[in-house]
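[1] Provided below are the primary sequence and the corresponding predicted coordinates.
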Amino acid sequence: MKPSQRLELRQGQSLVMTQQLQQSIKLLQLSALELSAFVEEEIERNPLLAAEETAPPEPQPEMTESFASPADADRVDNNSSDTELDSNYGDGWQSNEEGSDYSSSRVSVDRHERSPHASGYDGEQASLEQTLSSDVTLREHLLSQLQVDIEEPKMRLVAVQLLDLLDEGGYLREETSALAEQLGADAALIEATIARLQQFDPSGIFARNLKECLSIQLKERDWFDPMMQSMIEHIHLMEKGDLQGLQARCGASAEDFHDMLKQIRTLNPYPAREFIHDLAQPVIPDVFVRGGKGGQWQIELNHDALPRVLLDQHYFQELDTKTRDKAEKKYLSEQLSQANWLVKALDQRAQTILKVSTELVKQQENFLLYGIQFLKPLTLKDIALQVDLHESTVSRVTTNKFMATPRGIFELKYFFTSSVGSSSGSEDISSKTVMYFIKQLIDNESADAILSDDTLVTLLKDKNIDIARRTVAKYRELLNIPSSVARRKLKNSVIS
């Protein structure tokens, strides 16, 4: 049978994402630092765009969105209406240049009356710049010692290279042979340099492992006797909670072993931790939440985290009148379209972040007022329904975005938690709240009444929290809290 040919018409639907739509989705999920880098690339590529370096213009009359809890219902004007969030800003510039001015980047929402648990919310809030640390960095601290203590040129050169290989705890993890190959130096020179560097402050810096780090600190304090040396050699038994086995390996009496444990606990296993500000990536809040006057929360975008982009219409008109070539006109038109899209996309991104943040403050107001025990279960769907967005959009908006509140800086994702059933049939409780109660109960336990996971289940039921033993164990492990057996051994050794 010979194959035949024929024409057929078929109707179907498919989602086609334009390049600009894909870029808009990408912009939503970028962090503040990533967004700044993206905008800088666009400014370099597009001659019609420019960065605005001046201070932001005076804000237009603020939009105010008021919500009230049942306790506040009596003080809400029945004739008031919610003002919709405006997504059309970008027209506030006084000139022929158009750009993103974020003129409507602040909203106000009513909050509960001030309570004893929420002190200081109405006071002046310190600016972000006032909270930044100006301490000396670890690198600067070590370099200042290096310049004084090491005179040999070769050893100084190797020391500077080793300084850059420290990990976050202040350890030098690489083997000597690997360092020799990497730095092109003799192994003997590297070992001599490390020995010199291990004499630097903070004590224990440049150690290869925990045992060496603790040994350096003990030798410096003249505590490194044979029994202490044996304890350091078997320090892994302490991590397992086997203090009786560790005491037997040291051959120490109960009194001596107790004193040795006290000495060990005065040491710093992470010498670089006091310089952690030098190692951690800075967190730039995207949103500020402050307690304003009149019982309202002030939710405002961080202008410093929002790239300010201008579209120069004068320059475009000048080029347009001088351009005659068809290809050049096409290029200029494409750049104008791309520039207009970027300005609008940045504005829409800012408005979406503000919209979602406002709803998060509304949903988690009790957390902001009273603490983590009042954090309520919340899902992406809950917020999506309230702000009329898709769940995927809410997920992108809350990824790598941070909110500065009177209780600290939190990633927007922090406010979404799973729920744990209540034994009284009332509202479910957040899993983070349950973890808070577990930690609180364990912190308050005494050495003669260590709480097992089963006991924690019973105590949590007294708080109307219905939770299984395996869930308690899971939350305890997430909190890095050892088992009841390990805690009992540890606390008994301290008081013995």
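    That came through fine.
[2] what's the strand or helix carrying residue 433 packed up against?
    Element membership for residue 433, per DSSP states H and E: helix 431-443. Helices and strands touching helix 431-443, by 3 or more C-beta pairs under 8 Å, 6 or more residues apart in numbering; DSSP states H and E, are strand 419-420, helix 453-462, helix 469-478. (Glycine included, C-beta is placed from N, CA and C.)
[3] List the buried residues of the last one.
    Of the residues in helix 469-478, those buried by neighbour count under the rule 16 or more other C-beta atoms under 10 Å are 471-472, 475-476.
[4] Which one of those residues is nearest to residue 251?
    Using C-beta to C-beta, residue 476 comes nearest to residue 251 of the buried residues of helix 469-478, at 34.3 Å.
[5] from the buried residues of helix 469-478, which single one is nearest residue 260?
    The shortest gap between residue 260 and any of the buried residues of helix 469-478 belongs to residue 476, at 28.5 Å (C-beta to C-beta).
[6] what's near enough to touch the closest one?
    Counting by C-beta atoms under 8 Å, 6 or more residues apart in numbering, residue 476 touches 438, 442, 453, 456, 483.
[7] what about the third one, neighbour count?
    Looking back up the chat, that one is residue 453. By other C-beta atoms under 10 Å, 18 other residues sit near residue 453.
[8] if we can go back for a sec, can I get the buried part of the contacts of residue 476 as one PyMOL selection?
    Those of the contacts of residue 476 that count as buried under 16+ other C-beta under 10 Å are selected in PyMOL with:
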select buried, resi 438+442+453+456
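[9] Which pair in the contacts of residue 476 has the greatest spatial separation?
    Spatially, the most separated pair among the contacts of residue 476 is 438 and 483, at 13.0 Å (C-beta to C-beta).
[10] sorry, back to before: lowest average pLDDT across the helices and strands packed on helix 431-443?
    In terms of mean pLDDT, the lowest-scoring of these is strand 419-420 (a mean of 76).
[11] Mind listing the strands that one pairs with, and their directions?
    Strands that pair with strand 419-420, judged by DSSP bridges, come out as strand 429-430 (antiparallel).
[12] Show residues contacting the strand it pairs with.
    The contact list for strand 429-430 (C-beta under 8 Å, 6+ apart) reads 375-378, 417-422, 464-465.
[13] Could you work out the most separated pair of these?
    Every pair of these checked by C-beta to C-beta; the farthest is 378 and 464, at 19.1 Å.
[14] Between these two, point out the one with more neighbours.
    Ranked by neighbour count (other C-beta under 10 Å), residue 378 and residue 464 place residue 378 first, with 19 against 14.
[15] Was I right to think residue 252 contacts residue 226?
    No: the pair residue 252 / residue 226 is not scored as a contact, 10.2 Å apart, by C-beta atoms under 8 Å.
[16] higher neighbour count, the two?
    Counted by other C-beta under 10 Å, residue 252 and residue 226 do not tie: residue 252 has more neighbours, with 19 against 9.
[17] what about the more buried one, which helix or strand?
    Judged by DSSP H and E, residue 252 forms part of no helix or strand.
[18] nearest spatial neighbour of it, skipping sequence neighbours?
    residue 227 (5.2 Å; C-beta to C-beta, 6 or more residues apart in numbering).
[19] Can you name the residues that contact that neighbour?
    250-252, 256, 260.
[20] can you pull out the helices in the stretch 301-450 of the chain?
    313-322, 326-363, 365-370, 380-387, 391-397, 431-443 (DSSP state H, counting those that start in this stretch).
[21] between these, which gets nearest to residue 164?
    Once these are compared by C-beta to C-beta, helix 391-397 is nearest, at 35.8 Å.
[22] Could you write out the alpha-carbon coordinates of that closest one in CSV?
    This file holds the C-alpha atoms of helix 391-397, laid out as CSV (Å, rounded to 0.1, in the frame of the first residue of the first chain):
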residue,chain,number,x,y,z
GLU,A,391,1.1,31.2,43.8
SER,A,392,4.2,31.0,41.6
THR,A,393,4.4,34.8,41.5
VAL,A,394,4.2,35.0,45.2
SER,A,395,6.9,32.4,45.5
ARG,A,396,9.2,34.3,43.2
VAL,A,397,8.5,37.6,45.0
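[23] so after the lowest-mean-pLDDT helix or strand in the chain, what's the next helix or strand?
    Lowest by mean pLDDT, DSSP states H and E among the helices and strands of the chain is helix 128-131, with a mean of 46. Reading on from helix 128-131 to the C-terminus, the next helix or strand found by DSSP H and E is helix 138-149.
[24] Just give me the neighbour total for residue 158.
    Counted with other C-beta under 10 Å, the neighbours of residue 158 add up to 25.
[25] that older thread, residues of the helix holding residue 433 that come out buried?
    Within helix 431-443, the residues scored as buried using 16+ other C-beta under 10 Å are 431-438, 442.
[26] With pLDDT and distance to residue 402 as extra columns, can I get the residues you listed in TSV?
    Compiled in TSV, those are given as follows (pLDDT from 0 to 100; distance: C-beta to C-beta, whole Å):
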residue	pLDDT	distance to residue 402
431	85	21
432	85	17
433	86	21
434	87	24
435	88	21
436	87	21
437	89	26
438	90	26
442	89	29
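[27] mind putting the residues you listed in TSV, distance to residue 317 included?
    Output for those, formatted as TSV (distance: C-beta to C-beta, whole Å):
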residue	distance to residue 317
431	58
432	56
433	59
434	63
435	60
436	61
437	65
438	66
442	70
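[28] between the residues you listed, which is closest to residue 219?
    Using C-beta to C-beta, residue 442 comes nearest to residue 219 of the buried residues of helix 431-443, at 35.4 Å.
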